[in-house]
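[1] Below is the structure, and that's it, no one-letter string:
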Ligand SMILES: *Cc1c(COP(=O)(O)O)cnc(C)c1O
């Protein structure tokens, strides 16, 4: 273990130097040919190498090529900088190396506390065992929708796990036009068929149109299909919009539908000052997906699904007959009975460290600070005559575009090219999307180290990238 002690000390230094120096580095840079060849083409060494050499290789071959999300001027997609507390404990989790499928050990037990904390933060009712950590919201969604599918089948007097879906009326799920692709992916994987995923239009604020939802459900029911689930968003990736959850919950209750909420990015936005009203109804969800590896900054991976009734996901996944179930953990059994994963990493340790280090106050501060940055950028955009906002800011995402005077027609092409050009310049990182049929730029704020100065740099970098493209 002396090797580990020595190389480990060096690794801690390298890690701390890297994190301390992130702001001075380029946000992102292309991988040099030689390093690309090494990263992708190297041979497995015949004779093992030393730990010191491994630390060296990580330092010189990998740390220069981050995705960019640790940098205070990274505004792409929904990827946060890592919490230092999460970084700290990652190797300790590996040292314990449990499978958190279940059982009587720290790895499995700590997950109960972490899931309860997450439910409390999101304002979601929690009973012991009502949720589990996952690889991300995509997996959380699969668990939520599989539970929904099995409940609907049971209500109709059959068993979707035993019989498969053949010979039954197609089950139909409803998502908004701004819903995340993981909803469709889960529906495909669960055998529902993408053609039974109804895309509900959105209103002028990119929120699910509830009248349209009602109409679609009525139409499908009349056609002999089986509406079974509505999946709302609490924070869409494009604009950060929060669907009218209370009204959607009412529709779900009226029609006997499972109510799923995708809060992967935005569920914790409820903690921002004055935001709670927009989230009213989230507590009525049958399942809620959220991603501690997003706003909270738990090092990847850490997703979570919360369930109103834990029996629903156990019924969808457990292969332990009820009379054999392990009641040692207060009758909760193993986590592997509640989802598809068997061997499960010790995600709870990174999540626990991250949340303990921030405390509730620190988490609220982080959310408020990043939401404020989004509002500040929006105000700067409104004050500038070469940019325009494309959506109201409701969480910490700003959707906008570069206007280039009024030479329309070229505006779309230009905005499509801007994100890559900004990324190449290396001083900021933003990504694009399509909003309301237009090419858009979007900036997502998750990093408490971002300053107002960084926002000016972002806009200037965007202008310079636009000029480069136009030239
Ligand atoms: C990130 C995200 C997802 C997918 O979650 P993963 O953790 O990447 O699996 C789903 N929905 C929204 C709104 C997201 O932001």
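    Received it, and whenever you're ready, just let me know what you need. Worth saying up front: this structure is predicted, and the values here are computed from it rather than measured.

[2] got the contact list for stretch 201-218?
    Applying C-beta atoms under 8 Å, 6 or more residues apart in numbering, the external contacts of stretch 201-218 come out as 174, 176-178, 198, 200, 227, 230, 232-233, 236, 238-239, 241-244, 247-248, 251, 255, 257, 391-392, 394, 435-436. C-beta: built from backbone N, CA, C; applies to glycine.

[3] Among those, name the buried ones.
    Buried subset of these (neighbour count, 16 or more other C-beta atoms under 10 Å): 174, 176, 178, 198, 200, 227, 230, 232-233, 236, 238-239, 241-244, 247-248, 251, 255, 257, 391, 394, 435.

[4] just to revisit the earlier point, among the contacts of stretch 201-218, which lie within strands?
    Filtering those for membership in strands, criterion DSSP state E, returns 174, 176, 198, 200, 227, 230, 232, 233, 435.

[5] Does residue 433 belong to a helix, a strand or coil?
    Classification of residue 433 using DSSP: H, G, I helix; E, B strand; the rest coil returns strand.

[6] now do residue 301
    Strictly by three-state DSSP, residue 301 counts as coil.

[7] wait, isn't it in contact with residue 135?
    Yes: between residue 301 and residue 135 there is a contact under C-beta atoms under 8 Å: 4.8 Å.

[8] Out of the two, name the residue with the larger neighbour count.
    In this view residue 301 and residue 135 are compared by other C-beta atoms under 10 Å, and residue 135 has more residues nearby, 19 against 16.

[9] Now do the more buried one against residue 431, distance only.
    Distance, residue 135 to residue 431, using C-beta to C-beta, to the nearest Å: 22 Å.

[10] next one: residue 393
    17 Å.

[11] swap in residue 412?
    16 Å.

[12] Repeat that for residue 172.
    32 Å.

[13] These two: who's more crowded?
    residue 172 (25 against 21).

[14] got a list of what residue 239 touches?
    178, 206, 390, 391, 392, 394, 397, 399, 435, 442.

[15] My error: substitute residue 390 in the last question.
    So residue 390 contacts 239, 399, 400, 401, 435, 436, 438, 440 (C-beta under 8 Å, 6+ apart).

[16] Nearest to the ligand among those residues?
    residue 239 (10.9 Å; C-beta to the nearest ligand atom).

[17] What is the burial count for residue 96?
    Residue 96 has 11 nearby residues by other C-beta under 10 Å.

[18] Looking at the stretch 351-471 of the chain, what residue ends up closest to the ligand?
    Closest point on the stretch 351-471 of the chain to the ligand, by C-beta to the nearest ligand atom, is residue 444, at 8.9 Å.

[19] what's across from that residue in the sheet?
    With DSSP bridges applied, residue 444 shows beta-bridge pairing to residue 397.

[20] That one contacts residue 397, doesn't it?
    Yes: contact criterion C-beta under 8 Å: residue 444 and residue 397 qualify, at 4.9 Å.

[21] Between these two, which is the more surrounded one?
    Counted by other C-beta under 10 Å, residue 444 and residue 397 do not tie: residue 397 has more neighbours, with 30 against 27.

[22] do whichever helix or strand residue 379 is part of and the ligand meet at all?
    Per DSSP states H and E: residue 379 is located in helix 347-383. No: using C-beta under 6 Å from any ligand atom, helix 347-383 never reaches the ligand; the gap is at least 12.0 Å.

[23] what lines up beside whichever helix or strand comes after that helix in the sheet?
    The helix or strand immediately downstream of helix 347-383 is strand 387-389, counting by DSSP H and E. Applying DSSP bridges, strand 387-389 is found paired with strand 397-402 (antiparallel).

[24] hmm, who's touching the partner strand?
    235, 237-240, 265, 374, 377-378, 381, 386-391, 411, 414-415, 418, 433, 435, 438-445, 462-463, 466.

[25] Number of residues surrounding the nearest residue to residue 378 once chain neighbours are set aside?
    Nearest non-adjacent residue to residue 378, counting by C-beta to C-beta, 6 or more residues apart in numbering: residue 393, 4.7 Å away. For residue 393, the count of nearby residues is 22 (other C-beta under 10 Å).

[26] Who are the contact partners of residue 393?
    Residue 393 neighbours (C-beta under 8 Å, 6+ apart): 240, 374, 375, 378.

[27] likewise residue 153?
    Contact analysis of residue 153 by C-beta under 8 Å, 6+ apart lists 159, 160, 163, 168.

[28] okay, now whichever residue of the chain sits closest to the ligand: neighbour count?
    The ligand sits closest to residue 136 of the chain, with a gap of 2.4 Å, by C-beta to the nearest ligand atom. Applying other C-beta under 10 Å, we find 20 residues neighbouring residue 136.

[29] Residue numbers of the stretch 51-200 of the chain in contact with the ligand?
    Counting by C-beta under 6 Å from any ligand atom, the residues of the stretch 51-200 of the chain close to the ligand are 78, 136, 137, 138, 180, 182.

[30] Just give me the neighbour total for residue 411.
    Residue 411: 18 neighbours (other C-beta under 10 Å).

[31] Hmm, I typed the wrong one, I wanted residue 360.
    12.

[32] Spatially nearest residue to it, not counting backbone neighbours?
    Closest to residue 360 by C-beta to C-beta, 6+ apart is residue 121, at 7.5 Å.

[33] list the helices and strands the host helix or strand of that neighbour packs on?
    Counting by DSSP H and E, the element that carries residue 121 is helix 106-122. For helix 106-122, the contact count by 3 or more C-beta pairs under 8 Å, 6 or more residues apart in numbering; DSSP states H and E identifies helix 84-96, strand 131-134, strand 287-290, strand 303-307, helix 347-383 as packing neighbours.

[34] Pick the most buried one from those.
    Comparing the helices and strands packed on helix 106-122 by mean neighbour count (mean count of other C-beta atoms under 10 Å), strand 287-290 ranks first with a mean of 31.

[35] Can that one be said to contact the ligand?
    No: judged by C-beta under 6 Å from any ligand atom, strand 287-290 and the ligand are separated, with a smallest distance of 6.9 Å.

[36] And the contacts of that strand?
    Taking C-beta under 8 Å, 6+ apart as the rule, strand 287-290 contacts 118, 122, 124, 137, 140-141, 143-145, 147-148, 234, 258-264, 267-268, 282, 303-308, 312-313.
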